[in-house]
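**Student:** What would the 3D arrangement of this be:
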Amino acid sequence: MNRRDALSTFGLAGSMAGINVAMPGMAIAQARGPTQPFTADWPSLVAGYRAPDWFRDAKFGMWAHWSAQCVPEEGDWYARDMYLQGSRANKAHLAKYGHPADVGFIEIVAKWKGERWDPARLLDLYKRAGAKYFVALANHHDNVDTYASSHHSWNTTRIGPKKDIIGIWEKLTRERGLRFGVSNHSAHAWHWFQSAYGYDPEGPRAGERYDAYRLTAAAGRGKAWEGLDPQALYTGRTMPLPDGIRTIQEANAVHERTDRIWTEWAPPEAAAFVRNWALRCRELVDKYRPDLIYLDNFDLPFNQVGLEMAAHYYNASRAWNGGRLEAVLNVKMVPAEKRMGLVEDVERGGKSQIETYPWQTDTCLGNWHYDRALYERDGYKSAATVLHTLCDVVSKNGNLLLSVPVRGDGSIDEKEERIVEDIAAWMGRYGSAIYGSRPWRLHGEGPTRPASGMFAEGGPVSPYNARDIRYVRKGAAVHALVLGWPENGVVRLSLLGSGTPIGRGEVRRVTFPGDDTPLTFRRTAAALEVDVPAARRNAIGLALVIEGNGLTAGSLGEPG
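**Tutor:** Numbers count the residues shown, from 1 in each chain. So this is what the prediction gives:
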């Protein structure tokens, strides 16, 4: 199927005709070597892509998932859920701001000021915590771009903080020697925001349409959003709630089977949105040159349009980097046959075993958007939970991307800051055992069953203990990541027992990372036992460097 046939299948051929899909990095790539430029198809992506070493070595990144939806401090999906009568967000909106027919999300965007945002301070904290890359939210499903967008007037240079947030993050991130990434969630806005065109099915204002249904640019006179078109924010009516619904239960059922469906294609009615999305995404790539792009999608969005974006990004990365492909493109739930063409992301979950191809999990200390209730009930993940997740993921050839919820004013709270400082303290001591590592023969041992699959991470408290060990290799050494502190001061590594075929090889020395002082150990047929000093005791765990002969042969990518 050619490009025009693919677009015609989804009714987009005419609407996409104005998009220039030429790849400016193509001629450069051809001139610099035999590597062929990427073309907009899966065989090209799969054959030509390899996750860059910077990503494989980095292991740990931090994320600022910051949008106007953080202003109400009511957690995730506020912009959609405030229009669903009876939901938590809807009740909070009524109490704080008024009825959504009178005060819609458009006014929340105007309230987003970021007056306490200190990106340099936050990045210094995240770097101290051990992050090797930083990712900033470029837009969410609420359809507000946080950068100087030429193709979408609803951006933070014109509304909200009145700043090029991505541009500021990018400059400061690179000044600190970190890799820079962006997350793009806007491909779902066209259906996700249809709740704003609905109405209360019950109560005194039943049947009265919400603000998106009636607002025009003229209504902005004298308001913070004067000169902006509300329909460009709310994406236009493609599937508004039908007239005549009189119960919340029925309205919710309609939403679930229509605008709530998480689809990666779009109908003809959304053709203009798709065209605009492609232009916005391309500008994001070309203007800020991200090392990583996180797409909140279960496949490349909009079929051929997404393929064109991916090919352009990879070719542009080669052009920026002297012919080297340094780009990372994250997509969720990638089928096995496509995983060679990008880097799969597993949201709030994990894998059960070592993956052949590098991957990433993303999670958050709390909810993606700031949630005051979580703060008040001490519902954040502990540093131990975060670091145990990191060790588990790294042992399976993955990376961890961690979000710290940001308040609408641009600050993080003192509880979050303390957790990040605790992460920093542990990573400062043991992080060198993680960076630059690769999978060993097996990922680990222990009684605790690890999370596997999307949204499988469990609660805020770590389930692991000192009997749970994760293994990686670095050079000729094996590193044991111990997910707790042994009560008796003895770490027991069953997989490295002399009688265990998995632990084959000779153990000559055991140390802590960055410390040449040898630790006392005993190797029996059943286990390698290592005495660890009480002075090192902490609530999170430790890492050990195990050196000898033949300990890494047969690992992933290593000769047997």
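**Student:** What is the end-to-end distance of stretch 183-192?
**Tutor:** Start and end residues of stretch 183-192 are separated by 17 Å (CA to CA, to the nearest Å).
**Student:** What's the mean pLDDT across it?
**Tutor:** For stretch 183-192, the mean per-residue pLDDT is 98.
**Student:** Give me the contacts around that stretch.
**Tutor:** For stretch 183-192, contacts defined as CB atoms under 8 Å, 6 or more residues apart in numbering pick out 63, 65, 80, 135-143, 145, 235-236, 238-239, 258-264, 266, 270, 273-274, 277, 280-281, 284, 293-297, 301-302. C-beta coordinates here come from the backbone N, C-alpha and C atoms, glycine included.
**Student:** Quick check on the residues you listed: which are buried?
**Tutor:** 63, 65, 80, 135-143, 145, 235-236, 238-239, 259-260, 263-264, 266, 270, 273-274, 277, 280-281, 284, 293-297, 301-302 (16 or more other CB atoms under 10 Å).
**Student:** Which of those fall within strands?
**Tutor:** The strands, defined by DSSP state E, take in 63, 135, 136, 137, 138, 139, 293, 294, 295 from the buried ones among the contacts of stretch 183-192.
**Student:** right, and the third one touches residue 172 too?
**Tutor:** No - using CB atoms under 8 Å, residue 136 is not in contact with residue 172; the gap is 10.1 Å.
**Student:** now stretch 116-126: how far from the chain's centre is it?
**Tutor:** Centroid separation for stretch 116-126 versus its chain: 19 Å, with CA atoms, centre = their mean, to the nearest Å.
**Student:** change the start of the numbering to 2 and stick with it
**Tutor:** In the new numbering, first residue 2, that becomes stretch 117-127.
**Student:** Just the element for the closest residue to residue 390 other than its chain neighbours, please.
**Tutor:** Among residues not flanking residue 390 along the chain, residue 401 sits closest, at 6.1 Å (CB to CB, 6 or more residues apart in numbering). Assigned by DSSP states H and E, residue 401 falls within strand 399-404.
**Student:** Tell me where the model's unsure across this structure.
**Tutor:** Applying pLDDT under 70 to the chain picks out residues 2-35, 561.
**Student:** Nearest residue to the middle of it?
**Tutor:** Central residue of the chain (CA atoms, centre = their mean): residue 363, 4.6 Å from the mean position.
**Student:** For that residue, which three-state class applies?
**Tutor:** Here residue 363 is recorded as strand under DSSP: H, G, I helix; E, B strand; the rest coil.
**Student:** residues in contact with the closest residue in space to it that isn't next to it in sequence?
**Tutor:** In this structure, residue 363 finds its nearest non-sequential neighbour in residue 402, 4.2 Å apart by CB to CB, 6+ apart. Applying CB under 8 Å, 6+ apart, we find residue 402 in contact with 62, 63, 64, 136, 295, 346, 361, 362, 363, 364.
**Student:** got a list of what the fourth one touches?
**Tutor:** Meaning residue 136. 62, 63, 64, 65, 181, 182, 183, 184, 293, 295, 402.
**Student:** For the last one, list each beta-bridge partner.
**Tutor:** Right, residue 402. Beta bridges link residue 402 to residue 62, residue 363 when assigned by DSSP bridges.
**Student:** Just put the ones in strands among the buried ones among the contacts of stretch 184-193 in a markdown table and tack on distance to residue 408.
**Tutor:** Listed next are those as a markdown table, based on distance: CB to CB, whole Å:
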| residue | distance to residue 408 |
| --- | --- |
| 64 | 15 |
| 136 | 18 |
| 137 | 16 |
| 138 | 14 |
| 139 | 19 |
| 140 | 19 |
| 294 | 26 |
| 295 | 22 |
| 296 | 26 |
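**Student:** Identify, from those, the entry nearest to residue 430.
**Tutor:** Checking these against residue 430 with CB to CB, the nearest one is residue 64 at 23.6 Å.
**Student:** gap between the residue nearest to residue 363 and residue 331?
**Tutor:** According to CB to CB, to the nearest Å, residue 402 stands 8 Å off from residue 331.
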